[in-house]
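[1] output the structure for:
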Amino acid sequence: MAIEFNPSRGTTLGVEWELQLVDRHTRQLRQDAKEVLAAVPELSEGRRPKAMHELMQSQIEIVTDVCNTAGEAVEDLKRSLRRLQEVVEPRGTGLACTGTHAISDWRDAVYAPVQRYAELVEEMQWLAWRIQTFGVHVHVGVTDREKVIPIVNALAAHLPHFLALTSSSPYWGGQDTGLSSSRAIVFGALPTAGPPHLLADWAEFEEYMSTLLRAGTIRSIKEVWWDIRPHPDFGTIEVRMFDGIPTPREVGMVVALSQCLVHQFDQQIDRGYKLPHPAAWVVRDNKWRATRYGLDADVITDDHGSTAPMRDVLYELQRELEPVAERLGCAEELAVMTDVLEQGSSCERQRAILAEGGTLEDIVDATLIELAEDRFVTSNPNRGSGHSSA
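    Numbering: from 1, shown residues only. The predicted structure is shown next:
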């Protein structure tokens with residue numbers, strides 16, 4: 001099976017951001033994506049819609065056009081965001097994004113009226129019923145298909161970094177799971193999800209996809225939901241590891257990080273270097289460490305089992321990529337990594353609110369503020385206001 005790859009003209013960008021529809025009074029998710037999308041036909045209709053359904057009616061996904069810089073991608077998302085806010089606010093609805101919603105129960109979800117989602121639910125059953133989760137996907141262009149698999153393999157070493165920076169789903173159905181990212185577990189349970197298979201080259205990727213199709217495991221290669229995967233139609237590598245991201249500035253951070261890494265690996269290939277190829281067990285173990293401990297994880301740094309604190313590794317990674325970010329015009333966005341390391345990931349910010357006596361409803365309010373005002377909320381926004389719970 002030959003899989004055509006439409007090469008990009010460079011490390012161009014595309015971003016998908018899955019948003020929650022939140023009732024401002026109850027703080028529960030609202031299952032009315034169909035009505036909201038109908039109110040914004042300029043975004044939701046046409047050949048390339050910029051706002052669309054996701055699996056559940058509590059979700060709306062907004063997507064960018066092809067962009068060149070992280071800043072351009074964030075501004076594209078903000079335009080769609082502003083238009084949606086004009087529609088949802090009169091309905092008493094707010095927009096937020098975390099990997100899971102702190103208090104809503106997945107059993108209350110309503111599925112979107114999309115045929116392929118109905119087919120997914122029929123096939124996956126309980127695994128799909130629970131997927132009331134939210135994430136951010138970043139596409140980065142690649143100029144040559146022969147570079148794709150080596151870069152995917154190299155990026156696999158960064159799965160824990162991507163997840164730790166964005167971990168935002170400690171709560172599931174009103175309970176603290178003890179994890180930094182419960183979304184990674186819920187979505188990762190799908191049979192074709194999880195870390196990418198570390199393949200040798202594009203030919204082996206084609207053969208593997210052919211095998212899955214022959215076996216009836218998938219009907220299309222789009223049903224391979226790896227944490228990082230080739231996207232041949234777009235000519236990109238798609239990074240899908242990020243938890244739901246609450247603020248536009250953090251979205252810009254992960255877009256910059258993704259672009260810098262792909263660009264650096266692309267340049268290293270051109271210079272004749274062999275890219276890193278982590279052992280599969282290291283990739284799996286590190287993903288679990290980030291899922292459980294987030295930024296407090298000790299991450300495995302080589303195939304011999306050496307470890308280092310995640311925060312130290314991320315500080316070093318940021319410094320290493322700063323020259324690349326300067327060349328790509330995303331230094332400001334990459335620098336948000338420092339803010340996250342100092343002020344905490346969304347998971348840590350949420351738990352801080354509860355630790356000081358706040359409620360899960362206060363946490364939902366904080367996430368609404370974070371998205372609307374593009375700032376971190378590290379303490380209870382309702383403290384002393386007299387309405388700290390619904």
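[2] next structured bit after the helix or strand of the chain with the lowest mean pLDDT?
    When the helices and strands of the chain are compared on mean pLDDT, DSSP states H and E, helix 115-124 comes out lowest with a mean of 88. Sequence-wise, the next helix or strand downstream of helix 115-124 (DSSP states H and E) is helix 126-129.
[3] what's downstream of that next one, the next helix or strand?
    That would be, after helix 126-129 and using DSSP H and E, strand 135-141.
[4] which residues does the least confident helix or strand of the chain contact?
    53, 55, 111, 128-129, 190-191 (Cβ atoms under 8 Å, 6 or more residues apart in numbering). The C-beta positions use only the backbone N, C-alpha and C, and glycine is treated the same way.
[5] among these, who's most crowded?
    The member of the contacts of helix 115-124 that has the most neighbours, counting by other Cβ atoms under 10 Å, is Leu55 with 22 neighbours.
[6] tell me where the model's unsure across the stretch 101-250 of the chain.
    Within the stretch 101-250 of the chain, not a single segment meets pLDDT under 70.
[7] same thing but at 90, please
    The model of the stretch 101-250 of the chain has pLDDT under 90 over residues 109, 111-121, 123-124, 128, 222.
[8] ok, back up a step: could you dump the contacts of helix 115-124 to a markdown table with distance to Glu75 and secondary structure?
    A markdown table is the format used below for the contacts of helix 115-124 (distance: Cβ to Cβ, whole Å; DSSP: H, G, I helix; E, B strand; the rest coil):
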| residue | distance to Glu75 | secondary structure |
| --- | --- | --- |
| His53 | 24 | strand |
| Leu55 | 27 | coil |
| Tyr111 | 32 | strand |
| Ala128 | 34 | helix |
| Trp129 | 36 | helix |
| Leu190 | 33 | coil |
| Pro191 | 37 | coil |
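[9] ok, those residues vs Leu95, which is closest?
    Distance to Leu95 across the contacts of helix 115-124 (Cβ to Cβ) is lowest for His53, with 15.3 Å.
[10] wait, that closest one sits on Ile62?
    No: counting by Cβ atoms under 8 Å, His53 does not reach Ile62; the two are 11.6 Å apart.
[11] pLDDT (mean, whole number) over stretch 262-273?
    Average pLDDT, stretch 262-273: 97.
[12] which residues sit against it?
    The contact list for stretch 262-273 (Cβ under 8 Å, 6+ apart) reads 11, 140, 142-143, 147, 150-151, 154-155, 237, 275, 321, 324, 327-328.
[13] who's in contact with Arg375?
    247, 369.
[14] quick one: it from Gly244, how far?
    17 Å (Cβ to Cβ, to the nearest Å).
[15] one step back: which ones among the contacts of stretch 262-273 lie within helices?
    147, 150-151, 154-155, 321, 324, 327-328 (DSSP state H).
[16] give the buried residues for the least confident helix or strand of the chain.
    117, 120-121 (16 or more other Cβ atoms under 10 Å).
[17] and what of stretch 80-96?
    Buried positions in stretch 80-96, judged by neighbour count with 16+ other Cβ under 10 Å: 80-81, 83-84, 87-88, 93-96.
[18] just the terminal-to-terminal distance for it.
    Stretch 80-96 has an end-to-end distance of 14 Å (criterion: Cα to Cα, to the nearest Å).
[19] and what about the residue nearest to His197 when sequence neighbours are not counted, helix, strand or coil?
    Once flanking residues are discounted, His197 sits nearest to Tyr208: 6.6 Å by Cβ to Cβ, 6 or more residues apart in numbering. Classification of Tyr208 using DSSP: H, G, I helix; E, B strand; the rest coil returns helix.
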